[in-house]
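Student: Attaching a predicted model along with its sequence, questions to come.
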Amino acid sequence: MSFVVTLISNPAKPAVTQDLIAKVSALLPSTPEIKTLNPGIAVDLLIEDHIEAEELTGTIRTSLADAPVDVFTQPQLGRKKSLLIADMDSTMIQQECIDELAAELGLKEKISHITERAMRGEMEFEPALKERVALLKGLDTSVIGKTIKTRITLTPGGTALVRTMKANGGYAALVSGGFTSFTQKIAEILGFDENRANTLLEEDGKLSGEVGMPILGKQAKLDRLTEITEEKSITMRDVLAVGDGANDLAMICAAGLGVAFHAKPKVAAEARAKIDHGDLTALLYLQGYKIEEFA
């Protein structure tokens, strides 16, 4: 079986040098075929030997020490995926929406502390969400649009990720433990085919402090993943799932390629693939796309 070791750095800080490639090549059981995906940023090292992929990835990561380079080893066959299912907050966007809404009430520090604990898996997601939403009671709903415009930024590489996978026949689903008032806009901007999230309930133009039931959490994300594979007649091997928090773990672990993206420690430890340095284009390099193939 052919295996491929992919080395990826952040496009803003190219770090995949010839010396680094040579260092990694020396750790492999045979001389690899080197395929450049983006000069200085991403490279594939193809080998024909039978290997323990997880063990080899760990060895390479240890050898590279503090080099700002992400590493993943996988079979070459079936790398390209036909379904992208992605988290939104701190994944497709760089913020946590509920924390940014809280800033309008001067409560960002208090709410972000709860958010952090929930994303680390130190609190159950559903009660943590209810507690945070209750603190937003009375906030004018017009603040949501203002927050999207002034406080929310897209994660670099997200547009290329979604458009490239769709250009190659893929389907893209945004599933968030956040809110539909945000996912609908972000999904439209990035080109997702669908979005699922929680609903902030309103009364007389203000947030009521309650969230619509049932709450979309870890199980709901996995359930939607399963539903889409059935609807599209594909298998879990055809799925790329990405997220950063504990409520993403179930779908990350179920997917053929599950990626912990700049994730909380618990998530990074349990996911087979993790991106700590690259942007979202790293998920295209993991599938073997060259920069010239980006949409």
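Tutor: Happy to help now that I have it.

Student: secondary structure class for S176?
Tutor: strand (DSSP: H, G, I helix; E, B strand; the rest coil).

Student: What residues does it make contact with?
Tutor: D87, M88, D89, F182, T183, N195, R196, A197, N198, L216 (Cβ atoms under 8 Å, 6 or more residues apart in numbering). Backbone N, C-alpha and C define where each C-beta goes, glycine included.

Student: so the fifth one is in which element?
Tutor: For T183, the element it lies in under DSSP states H and E is helix 180-190.

Student: I'd like the next helix or strand past that helix.
Tutor: Moving toward the C-terminus from helix 180-190, the next helix or strand (DSSP H and E) is strand 194-198.

Student: Can you tell me what sits against that following strand?
Tutor: 88, 129, 172-180, 182-184, 186-187, 211-212, 215-216, 220, 224.

Student: change it to 7 Å
Tutor: By Cβ atoms under 7 Å, 6 or more residues apart in numbering, the list of residues contacting strand 194-198 from outside reads 129, 173-180, 183-184, 187, 211-212, 215-216, 224.

Student: Could you do stretch 17-37 as well?
Tutor: The contact list for stretch 17-37 (Cβ under 7 Å, 6+ apart) reads 5, 7, 43-49, 51, 59-60, 63, 67, 69, 285, 290-291.

Student: Generate a PyMOL selection restricted to the buried subset of these.
Tutor: Applied in PyMOL, the following selects the buried portion of those according to 16 or more other Cβ atoms under 10 Å:
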select buried, resi 5+7+43+44+45+46+47+51+59+60+67+69+285+291
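
Student: Of the contacts of stretch 17-37, which belong to strands?
Tutor: Using DSSP state E, the subset of these located in strands is V5, L7, V43, D44, L45, L46, I47.

Student: Report the contact partners of the last one.
Tutor: In other words, I47. F3, L28, P29, S30, P32.

Student: Specify which member of those residues is nearest to K264.
Tutor: F3 (28.6 Å; Cβ to Cβ).

Student: among the contacts of I47, who's most crowded?
Tutor: Compared across these, F3 has the highest neighbour count, 22 neighbours, by other Cβ atoms under 10 Å.

Student: Report the separation between that one and E293.
Tutor: F3 sits 21 Å away from E293, going by Cβ to Cβ, to the nearest Å.

Student: cool, S9 as well?
Tutor: For S9, the distance to E293 - Cβ to Cβ - is 19 Å.

Student: Look at these two and report which has more neighbours.
Tutor: A side-by-side neighbour count of S9 and E293, using other Cβ under 10 Å, places S9 first with 25 against 13.

Student: Setting aside sequence neighbours, what's the nearest residue to the more buried one?
Tutor: Leaving out its chain neighbours, the residue that sits closest to S9 by Cβ to Cβ, 6 or more residues apart in numbering is A15, at 3.8 Å.

Student: Tell me who's in contact with the nearest residue to G245 once chain neighbours are set aside.
Tutor: With sequence-adjacent residues excluded and distances taken as Cβ to Cβ, 6+ apart, G245 is closest to M119, at 3.6 Å. Going by Cβ under 7 Å, 6+ apart, M119 touches D244, G245, A246, K264.

Student: ok now do the third one, which residues does it touch?
Tutor: So that's A246. Neighbours of A246 in contact, by Cβ under 7 Å, 6+ apart: M119, R120, G121, K264, K266, V267.

Student: Could you rerun that using 6 Å?
Tutor: Applying Cβ atoms under 6 Å, 6 or more residues apart in numbering to A246 gives the contacts M119, G121, K266.

Student: For it, what are phi and psi?
Tutor: phi -60, psi -30 (degrees, to the nearest 10).

Student: got a pLDDT number for it?
Tutor: On the pLDDT scale, A246 is placed at 93.

Student: How many neighbouring residues does the residue lying closest to it once chain neighbours are set aside have?
Tutor: Residue nearest to A246 in three dimensions, not counting chain neighbours: G121, with 3.4 Å by Cβ to Cβ, 6+ apart. The burial count assigned to G121 is 18, neighbours taken as other Cβ under 10 Å.

Student: Likewise for the one 3 residues further on?
Tutor: The tally of other residues near E124 (other Cβ under 10 Å) stands at 13.

Student: Next one: the residue nearest to it when sequence neighbours are not counted, what pLDDT does it get?
Tutor: The spatially closest residue to E124, leaving aside those adjacent along the chain, is A118, at 7.6 Å (Cβ to Cβ, 6+ apart). At A118, the predicted lDDT confidence score is 87.
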